[in-house]
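Undergrad: got a predicted structure plus its sequence, pasted below:
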Amino acid sequence: MAKEVRVRFAPSPTGALHIGGVRTALYNYLFAKHNNGKFLLRIEDTDQTRYVEGAEQYIIDSLKWLGLTPDEGVGFGGDLGSYRQSERKEIYKQYVDELLASGNAYYAFDTAEELDAARAKAEENKETFIYNWSTRGNLKNSLSLTEDETKALIENGTPYVIRFKIDDSRTVLLDDMIRGKITIDAATLDDKVLFKSDGMPTYHLANIVDDHLMGISHVIRGEEWLPSMALHELLYDAFGWEAPRFAHLPLILKPEGKGKLSKRDGDKHGFPVFPMEWKTEEGIAKGYKQEGYFPDAVLNMLALLGWNSGTDQEIFTMEELIQLFSLEKVSKSGARFSPEKATWFNHQYLQQKSVEELLPSFEEVLKENGIEPNPVLDAKVVELLKERANFVKDIFEQGQFFYIAPSTYDEKAAKKAWKDDSKEILGKFVEVLNSSEFTSEILHDAMAEFVTAQEIGFGKIGMPLRLSLVGALQGPDVPVIMAILGKEETIARINKAIEVLG
Ligand code: GLU
């Protein structure tokens with residue numbers, strides 16, 4: 001029987017979750033669901049210098065908002081916890097001791113100054129310093145010192161790290177599910193630190209130990225970890241464990257196409273690169289949630305940033321994505337992020353939603369603007385304006401005149417729309433309105449009859465009327481506006497305009 005598929009999203013809580021990290025979580029989620037497997041959330045917080053308060057909760061909240069709910073993990077239960085690495089220190093210690101005992105790891109006592117000096121010396125000779133087979137004999141470690149010397153240093157409290165002893169005779173054969181086969185000469189690798197002087201494991205050790213103990217079958221992560229893959233394979237070998245399969249995802253690129261999409265790009269162009277708002281002392285970074293994106297639209301957009309179904313289809317339900325997703329269809333090259341495309345996806349999702357589905361968030365926007373919801377009116381406004389909206393807030397922006405009567409009139413528009421005879425024409429039209437029924441069809445006909453009877457062009461009534469109702473020369477059809485506003489409000493607005501504009 002094939003091994004159970006178990007994948008993990010393993011972010012470090014060093015700040016807000018970048019949209020690239022969200023995509024990594026999504027691909028892990030899709031891969032797990034496609035294979036009836038499990039999706040785990042592991043918090044990799046062993047680097048205390050990079051720890052940021054609140055980042056872990058932010059990650060959990062973001063996954064919840066997006067609906068990428070882990071089957072196991074910090075905040076989500078599971079039998080193999082703790083899923084927070086800082087709570088697993090003893091476990092890592094035990095495993096690094098195992099590597100020391102088997103001769104796959106060694107103590108290193110070199111101070112930062114000594115290592116700097118070694119680096120500087122190598123540079124003088126136009127070489128790059130690597131702590132490995134070529135240099136370890138001349139450095140201060142348990143391989144170059146005698147057993148007694150090493151023991152004495154440990155006993156007198158000299159700080160040390162534990163390094164992995166890379167077997168330089170090896171040729172490491174890698175097989176990445178996206179990149180294919182890669183061959184690495186182990187002699188070019190460095191003896192990475194596995195355990196730090198602060199008693200914490202490094203990423204490399206903790207990551208391998210946990211992936212093993214948590215039964216991870218596939219490691220799906222960002223391209224930036226590809227250079228670590230050989231080291232990780234060697235670590236699995238040293239422990240005598242079967243390594244998971246690896247898949248390294250391509251970068252998400254800047255809208256301009258070159259380089260990795262960064263928070264700065266978002267600031268520059270005004271689009272979010274984080275799923276939710278992230279507040280720091282420097283300010284608030286935008287979030288997709290607060291900007292009004294639908295979580296399913298964001299996921300759909302991210303799904304296609306690096307993966308394709310092999311067809312032209314762009315809108316996918318989550319069920320379809322799960323069904324169609326495969327790592328074979330993830331591309332090797334970076335995917336250019338497009339803010340316009342992100343908006344386009346939201347527009348598409350907005351169109352798919354019914355008025356009833358949109359109403360709660362629309363009424364949220366109303367409340368934020370100090371307007372008491374009015375379900376009958378609100379539904380009419382949403383129905384009327386949704387087609388052109390990318391976001392729910394656009395509906396309010398386009399339709400706020402339904403809620404707030406104009407008290408001033410756009411100057412340019414007034415110049416164009418309000419003529420000497422406008423007062424008289426509108427005055428006469430009010431008489432028509434007084435005895436008219438208020439459906440858009442009847443009002444439409446009433447306007448047509450009025451211009452014929454008065455022998456005036458349509459603009460003579462249409463423009464000042466629109467200005468009176470909207471305050472500007474924008475918005476949907478005037479009869480439609482009048483029907484929604486109702487007789488009383490329509491006439492009040494016309495009278496007000498006559499009063500102000502004369
Ligand atoms: N903690 C690593 C990160 O923040 C995880 C890398 C991996 O998935 O192995 O990206």
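TA: Arrived safely, thanks for sending.

Undergrad: tell me if I'm right that residue 442 and residue 432 touch.
TA: No: between residue 442 and residue 432 there is no contact under CB atoms under 8 Å: 10.7 Å. To be clear about C-beta, it is placed using only N, CA and C from the backbone, and glycine gets the same treatment.

Undergrad: quick one: residues contacting the residue nearest to residue 328 when sequence neighbours are not counted.
TA: Ranked by CB to CB, 6 or more residues apart in numbering and with sequence neighbours excluded, the top spatial neighbour of residue 328 is residue 177, at 7.5 Å. Counting by CB atoms under 8 Å, 6 or more residues apart in numbering, residue 177 touches 218, 245, 246, 247, 327, 328.

Undergrad: one more pass at 10 Å, please.
TA: 31, 218, 219, 220, 245, 246, 247, 248, 326, 327, 328, 330 (CB atoms under 10 Å, 6 or more residues apart in numbering).

Undergrad: out of those residues, who has the most neighbours?
TA: residue 220 (26 neighbours; other CB atoms under 10 Å).

Undergrad: bridging residues for it?
TA: Beta bridges link residue 220 to residue 247, judged by DSSP bridges.

Undergrad: isn't it right up against residue 307?
TA: No: in this structure, residue 220 is not within contact of residue 307 by CB atoms under 10 Å, at 11.4 Å.

Undergrad: list residues touching both of these two?
TA: Common contacts of residue 220 and residue 307 (CB under 10 Å, 6+ apart): 27, 30, 249, 327, 330.

Undergrad: now for the residues you listed: which two are most distant?
TA: Pairwise distances among the shared contacts of residue 220 and residue 307 were taken by CB to CB; the largest, 11.9 Å, belongs to 30 and 249.

Undergrad: common neighbours of these two, please.
TA: With CB under 10 Å, 6+ apart, residue 30 and residue 249 have common neighbours 220, 307, 327.

Undergrad: where along the stretch 1-150 of the chain do the strands fall?
TA: 6-9, 38-41, 72-73, 105-108 (DSSP state E, counting those that start in this stretch).

Undergrad: can you redo the ones you listed as CSV with mean pLDDT, distance to residue 382 and mean neighbour count?
TA: CSV is the format used below for the strands of the stretch 1-150 of the chain (pLDDT from 0 to 100; distance: least, CB to CB, whole Å; neighbours: other CB atoms under 10 Å):
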stretch, mean pLDDT, distance to residue 382, mean neighbour count
strand 6-9, 98, 36, 26
strand 38-41, 98, 35, 24
strand 72-73, 98, 38, 23
strand 105-108, 98, 63, 22
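
Undergrad: one step back: any idea how far the residue nearest to residue 328 is from the ligand?
TA: 14 Å (CB to the nearest ligand atom, to the nearest Å).

Undergrad: distance of that residue relative to residue 33?
TA: Residue 177 sits at a distance of 17 Å from residue 33 (criterion: CB to CB, to the nearest Å).

Undergrad: and what of residue 383?
TA: The value you get for residue 383 to residue 33, if CB to CB is used, is 35 Å.

Undergrad: which of these two has more neighbours?
TA: residue 33 (19 against 15).

Undergrad: residue 279 in helix, strand or coil?
TA: Assigned with DSSP: H, G, I helix; E, B strand; the rest coil, residue 279 falls in the strand class.
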